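# Generate a structure from the sequence data that follows.
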Amino acid sequence: MKGIWAFILLLCSSWLQAQFEEIKYVSDFELNGRVERCEVLTPYGREILAFNPDQSLKQITTIFNDEDQEVVTFTYEQGLLKEKSIEVVKGGALQPSVSFYHTYTQRDTITEEIVFSFDGQFQAQNRKVTDSMGSPKTLELRTKSSRALYRYELMHGETRDSLFTYLDQELIRLEITDKSFKSEIRKSDVSYTDSLVTSIHWRAYDLKDNIMREVDSIFDYNSDLVDRTEKTYLYREGLLEVWKEMRLNQTKTKRFIYQLDNHTPPNWVKRIEQPSNAYTTRIITYFDPNDSNPR
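Now for the predicted structure:
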């Protein structure tokens, strides 16, 4: 299911969060058409998404209150991410030590990222190497006090692809994509510690990239415990209608009702969750239809 309302802006805190940025577009946020701006009213404040005319993400502004906010700005050059800044404002003042400036240099199959805080302190230098098809080969992460080198092995099959991730020669993750089913794609994400499986995240997507089912299993070998959570998703006309979670013999169900705008194609501007009746509101502004600039 596409749509991301909160970005985790942690700097190289784990190998998952240290992956290089992929360019996001309007369609990644459950939006249709040439959207210029989408303001989302959330329980913690407001989030404003701004887009370029080619539908690429320009800026994310998270407003917690009148004096606290976070602004992430993306700059592109010839279709590639060139710069990213993260500005953190607390009490009405910019916080230089926790605000960051990222620069990206790309040549052939190598992408380099350098990160400085706004107070001029070096934070990280990261280097990603891919093969000629864009598949990852290595990812090197460097900070002032540490270095980590991740190595990837990709195995292609007729209906199944497997991506192995190693840290210091130790397998830490296995991602499997199974395309053998006619109506869905199944993905498994297995994490390892000391050669033991610590968690498995299994997902099934329909052919429109909507998630239909997912199962999370966490293993604790000391107590022979497997904590298993299963979720299912049902859609109507491309919008999530029913969400169900099953864990420890308990089931939670949420249903969603939408109000659409009059744009062509339409977008939802209010989503009501039942039975709580909590709702999310979106205020959407579109580019002038006469100013055509397709992606």
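# Whichever helix or strand residue 189 is part of pairs with which strands, and in what direction?
Assigned by DSSP states H and E, residue 189 belongs to strand 184-193. Partner strands and pairing direction for strand 184-193 (DSSP bridges) are strand 170-178 (antiparallel), strand 196-206 (antiparallel).
# how close does the residue nearest to residue 164 when sequence neighbours are not counted sit to residue 171?
Residue nearest to residue 164 in three dimensions, not counting chain neighbours: residue 153, with 4.4 Å by C-beta to C-beta, 6 or more residues apart in numbering. C-beta here means a position set from N, CA and C on the backbone, and glycine is covered the same way. Residue 153 is 10 Å from residue 171, where distance means C-beta to C-beta, to the nearest Å.
# residues shared between the contacts of the two?
Common neighbours of residue 153 and residue 171 are listed as residue 164 (criterion: C-beta atoms under 8 Å, 6 or more residues apart in numbering).
# my guess is residue 165 is in a helix, correct?
No. Using DSSP: H, G, I helix; E, B strand; the rest coil, the assignment for residue 165 is strand, not a helix.
# list the contacts for it?
Taking C-beta under 8 Å, 6+ apart, one finds 15, 150-152, 171-175 in contact with residue 165.
# before we move on, back to that, in CSV, list the strands paired with strand 184-193 along with distance to residue 35 and mean neighbour count.
Output for these, formatted as CSV (distance: least, C-beta to C-beta, whole Å; neighbours: other C-beta atoms under 10 Å):
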stretch, distance to residue 35, mean neighbour count
strand 170-178, 30, 16
strand 196-206, 24, 15
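# Mean pLDDT for these - can I get that in TSV?
Converted to TSV, the strands paired with strand 184-193 look like this (pLDDT from 0 to 100):
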stretch	mean pLDDT
strand 170-178	96
strand 196-206	95
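# Redo the ones you listed as JSON lines? Include distance to residue 276.
Below are the strands paired with strand 184-193 laid out as JSON lines (distance: least, C-beta to C-beta, whole Å):
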{"stretch": "strand 170-178", "distance to residue 276": "34"}
{"stretch": "strand 196-206", "distance to residue 276": "25"}
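# and residue 291, which of the ones you listed is closest to it?
For the strands paired with strand 184-193, distance to residue 291 was read as C-beta to C-beta. The smallest value, 33.9 Å, belongs to strand 196-206.
# how distant is the following helix or strand past that closest one from the center of its chain?
Downstream of strand 196-206, the next assigned helix or strand under DSSP H and E is strand 211-220. Chain-centre distance of strand 211-220: 18 Å, with C-alpha atoms, centre = their mean, to the nearest Å.
# got the buried residues for strand 211-220?
Buried positions in strand 211-220, judged by neighbour count with 16 or more other C-beta atoms under 10 Å: 211-212, 214-217, 219.
# Make JSON lines from the residues you listed and add distance to residue 283 to it.
Shown next, in JSON lines, are the buried residues of strand 211-220 (distance: C-beta to C-beta, whole Å):
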{"residue": "211", "distance to residue 283": "26"}
{"residue": "212", "distance to residue 283": "30"}
{"residue": "214", "distance to residue 283": "30"}
{"residue": "215", "distance to residue 283": "36"}
{"residue": "216", "distance to residue 283": "34"}
{"residue": "217", "distance to residue 283": "39"}
{"residue": "219", "distance to residue 283": "44"}
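# Could you find which two of these are furthest from each other?
Farthest apart among those by C-beta to C-beta are 212 and 219. That separation is 24.3 Å.
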